[in-house]
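1. need coordinates for the below:
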Amino acid sequence: MAIGLRKTRWGSLRQRETRLAWSLISPTALIVFGLVIFPAIFSVWVSFHDIGLHNLNDVFNAPFVGLENYRKVFDDFAFKYQGPKNWGAAVTSVVYSFAATTLTLIVGLIAALLLNQPFRGRGLTRAIFLFPYVAPIVSVAFVWRWILDPRPSGVLNDVLMRLGVIDLPKAYLSTRGLALVLVIIFEAWRYFPFAMLMILARLQAIDKTLYEAAEVDGANAWQRFLNITLPELRYVLGAIFLLRLMWTFNKFDDIFLLTGGGFGTKVLPVLTYEFSFRLFDFGRGAATAMILLIILVVFMFFYIRLVMRNIEEA
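-> Predicted coordinates:
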């Protein structure tokens, strides 16, 4: 009798805990569904329908067009490769993402190696290095635009003209090729602190006796870096590379604030914006977003495989 009463009490307690748990997570679940899950599913639905300003007030009765929106995206001159002078958004996205991620990783590695050395003011230097990452994107983008202003009053033009390097001011962000290089440099400058922090954390966890033993064996600094530091960093470097690659591939604000996607810097997120909010072809914009999503899923697959392999080897 006592055991049955105890089970009943425990059963009711578990039920109350279950109800409490659902009541606590339901607001968050509703927010996630409303702001993440439903818009994602709805975007997939939109990509298969013809939706524009003409039927925006009756979206759910929009005509089904199948893969027509995807065909329009692949056939669009702004998407596909047109030659050396016009790479198209797809190729530009790949070049921009891989180049910016690689440069971010290199600069972050160099900064981490420098900050791992003991010197006076190291804490202040770390805080200064974090500034590009924590500063608002709008403010830093407009500072860069002010520096690269095509008018003689632009900081870079003014300095170079005073030094006699150039005779006339140059439009750096309006020059095809150079604009993409500057956007890549901006991306690396802005996000290298993230890579620096991750690499620095791993550097400080490396056993110092490895370096001491290598130094006793006569290994110089470069040999210690190649045979100890890099092997110890290979997993964190791989994880940072794939993670930053996914984030960079999905970046919209950096390029849009600097160049607006013009002069050879148009990437897939900018093209998605233009299809949707400049041409008001929401079906084609959603199709472009789905193509971007598929590419990101591939990157995520490799990232998850790398992380899981690291966990198994650990």
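2. residue 195: what's it in contact with?
-> 104, 105, 107, 108, 109, 112, 240, 244 (C-beta atoms under 8 Å, 6 or more residues apart in numbering). Placement of C-beta: from N, CA and C, glycine included.
3. of all the residues in stretch 24-34, which ones are buried?
-> Across stretch 24-34, burial judged by 16 or more other C-beta atoms under 10 Å covers no residue at all.
4. off-centre distance for that stretch?
-> A distance of 26 Å separates the centroid of the chain from that of stretch 24-34, by C-alpha atoms, centre = their mean, to the nearest Å.
5. need the mean per-residue confidence for that stretch.
-> The average pLDDT within stretch 24-34 is 87.
6. who's in contact with residue 55?
-> Neighbouring residues of residue 55 by C-beta under 8 Å, 6+ apart: 61, 62.
7. still on that earlier bit, which of the contacts of residue 195 count as buried?
-> Using 16+ other C-beta under 10 Å, the buried ones in those are 104, 105, 107, 108, 109, 112, 240, 244.
8. before we move on, the earlier item: what two of the contacts of residue 195 are the furthest from one another?
-> 112 and 244 (14.3 Å; C-beta to C-beta).
9. looking at the buried ones among the contacts of residue 195, which is nearest residue 64?
-> Ranked by distance to residue 64 (C-beta to C-beta), the buried ones among the contacts of residue 195 are led by residue 244 at 38.1 Å.
10. now do the same for the closest one: helix, strand or coil?
-> Following DSSP: H, G, I helix; E, B strand; the rest coil, we place residue 244 in the helix state.
11. for it, which non-adjacent residue is closest in space?
-> Of all residues not flanking residue 244 in the chain, residue 101 sits nearest, at 4.7 Å (C-beta to C-beta, 6 or more residues apart in numbering).
12. that neighbour: neighbour count?
-> 25 (other C-beta atoms under 10 Å).
13. so which of the buried ones among the contacts of residue 195 belong to helices?
-> Using DSSP state H, the subset of these located in helices is 104, 105, 107, 108, 109, 112, 240, 244.
14. what's the weakest-modelled helix or strand in the protein?
-> None of the helices or strands of the chain scores lower by mean pLDDT, DSSP states H and E than helix 2-32, at a mean of 74.
15. where does pLDDT dip in this structure?
-> Applying pLDDT under 70 to the chain flags residues 1-11, 306-314.
16. what about the strands in it?
-> With strands called from DSSP state E, the chain shows none.
17. residues near residue 204, how many?
-> With other C-beta under 10 Å as criterion, residue 204 counts 11.
18. residues touching residue 51, list them.
-> With contacts defined as C-beta under 8 Å, 6+ apart, residue 51 is in contact with 59, 62, 282, 283, 286.
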